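S.K.: need a 3D model of the sequence below.
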Amino acid sequence: MSGYQFDFFISYSRQGSVQKWLLNHFYNKLVECLADECAPTPKVYMDRFMPKAVEWSHNLETSLRRSKIMIQVMTPHYFTSGWCMTELYSMRARENMLGFASAKIPQGLIYPILYSDSENFPIEERMRSWHDFKEYAHPDPVYQQTVHYFQFHKEVKQLARDLVELADQVPDWRPDWPIVERPDPIVTPRPPLPRFKPCPEP
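M.R.: Numbers count the residues shown, from 1 in each chain. Here you go, the predicted structure:
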């Protein structure tokens, strides 16, 4: 097989509630909204839906290499996951090959969405603008019965428009798209807690 197999690859850490949110809300809503934007419906890769009996690490690498855009779901654990770092650094290496995400061509191939935190992300990870979903980070199915779910739908619809526009600009597939070996996870030390000091004598 040659060429792209997927339009979008969802990169995320399984720690915390984000996987539950992706499965209960985000993945299906994204596919639905993408179908509203263009035909045929763009294909979205998520590792929970890979074929049976495949070797999962090779499947991840192959699927990433054959995807146009990576959707990076940002959480604190994302930056401590070796697999997430492999996916992130591999797409960055592809951007470097193409001169993307640079002063000359600011647009990149990584579309970050913010699920939680951000204050403790590594400094360099705050340099790329993201789509903020923190307000809609409710993982439980009952969220769909609330009035706030309408706004969540609007946000995903806007995201789908952005992604379709971005995917149309992606260069043709190349067999030498790089896969970077898993680097050590980025560990960001927490800022020191303030220490109580005695009040000055009156």
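S.K.: what's the burial count for Leu60?
M.R.: 20 (other Cβ atoms under 10 Å). Any C-beta I mention is one placed from the backbone N, CA and C, and that applies to glycine too.
S.K.: mind listing what's buried in the helix or strand containing it?
M.R.: Per DSSP states H and E, Leu60 falls inside helix 56-65. For helix 56-65, the neighbour count (16 or more other Cβ atoms under 10 Å) marks 60, 62-65 as buried.
S.K.: what packs against that helix?
M.R.: strand 6-11, helix 82-98 (3 or more Cβ pairs under 8 Å, 6 or more residues apart in numbering; DSSP states H and E).
S.K.: worst average pLDDT in those?
M.R.: Lowest mean pLDDT within the helices and strands packed on helix 56-65: helix 82-98, a mean of 93.
S.K.: any buried residues in that helix, and which?
M.R.: Buried-residue list, helix 82-98, by 16+ other Cβ under 10 Å: 83-92, 94-95.
S.K.: check the offset of the helix holding Leu60 from the chain's centre.
M.R.: Here the centre of helix 56-65 is set off from its chain's centre by 16 Å, with Cα atoms, centre = their mean, to the nearest Å.
S.K.: residues contacting His77?
M.R.: 13, 15-16 (Cβ atoms under 8 Å, 6 or more residues apart in numbering).
S.K.: what kind of secondary structure is it in?
M.R.: helix (DSSP: H, G, I helix; E, B strand; the rest coil).
S.K.: out of the buried residues of helix 82-98, flag the one nearest to Tyr143.
M.R.: Comparing those against Tyr143 with Cβ to Cβ places Cys84 closest, at 24.8 Å.
S.K.: quick one on the thing from earlier: what is the next helix or strand after the helix holding Leu60 packed up against?
M.R.: Next in sequence after helix 56-65, counting helices and strands by DSSP H and E, comes strand 67-74. Other helices and strands packing on strand 67-74, by 3+ Cβ pairs under 8 Å, 6+ apart, are strand 6-11, helix 82-98, strand 110-114, helix 149-167.
S.K.: switch the cut-off to 10 Å
M.R.: strand 6-11, helix 18-21, strand 44-45, helix 82-98, strand 110-114, strand 131-132, helix 149-167 (3 or more Cβ pairs under 10 Å, 6 or more residues apart in numbering; DSSP states H and E).
S.K.: adding distance to Gln72, write those out as TSV.
M.R.: Output for those, formatted as TSV (distance: least, Cβ to Cβ, whole Å):
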stretch	distance to Gln72
strand 6-11	5
helix 18-21	12
strand 44-45	13
helix 82-98	7
strand 110-114	4
strand 131-132	10
helix 149-167	12
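S.K.: out of those, the one nearest Pro178 is which?
M.R.: helix 82-98 (4.2 Å).
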